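Asks: Sequence and predicted model, in that order:
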Amino acid sequence: MIFKIGNLDNQEELFWDDLYEVEEYPNFSRLLIGCKAREIPLILEFCKEMEGPFGVLHVLLASRLGKESGRYQSPYPLSYDELELFLYEHQEYFERDGRSHLWVSSVTGEGQFIFDNHNYIYAYGDIEGYVSKLMLKGFSEGEVKIPVPHCHNYHVEFDGEEESVNNSFEWLYSPLQDGDDP
């Protein structure tokens, strides 16, 4: 079985039971979402209701192809249709391989989604609206927490997808920032 994150003790896949958790901080709130599967369609469902356009940031933590780790930003904003095409084209890579994080942001400031290598989605924006949509989809409120120890998998089967993502745009490169690599 090919999976992104697993339990280090028994090498079984870790996944979440369609849970969400509201996280409150002094200056902002965000929603932490743990899906059983298929995070990309959920992100797209949230984005579809936004005006757009959208920015994409591919945070490459580790490359099996020798590409420099770093932040790769789309060189121009994408329409919803362009975003949908890009995310569905690379869905399996983002959902099943642990070498990167994916950020999708509405350029108008309506929302931002960070899909990290722990299969979490961090959602910023209309928290109440997101929660309503999640509840309609059968999600429930609960703690989303990663067991320690755990492992991230970088699969040879996705090396071609890493290359394809790298060639999707003339990405704007910047080095990793503190907090990018857990």
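Replies: Yep, it's here.

Asks: tell me the mean pLDDT over stretch 33-44?
Replies: Computed over stretch 33-44, the mean pLDDT rounds to 94.

Asks: Setting aside sequence neighbours, what's the nearest residue to the residue nearest the centre of the chain?
Replies: For the chain, the residue nearest the mean C-alpha position is residue 115 (1.5 Å; C-alpha atoms, centre = their mean). Closest residue to residue 115 apart from its sequence neighbours, by C-beta to C-beta, 6 or more residues apart in numbering: residue 102 at 4.5 Å. Quick note: C-beta positions are derived from backbone N, CA and C, even for glycine.

Asks: related to what we said a few turns ago, do you know how far the residue nearest to the centre of the chain is from residue 1?
Replies: 20 Å (C-beta to C-beta, to the nearest Å).

Asks: sec struct for the nearest residue to residue 171 once chain neighbours are set aside, please.
Replies: Of all residues not flanking residue 171 in the chain, residue 72 sits nearest, at 3.7 Å (C-beta to C-beta, 6+ apart). Secondary structure, DSSP: H, G, I helix; E, B strand; the rest coil: residue 72 is strand.

Asks: Could you shift the numbering so residue one becomes 16, and keep it that way?
Replies: Understood, numbering begins at 16; the last thing we discussed is residue 87.
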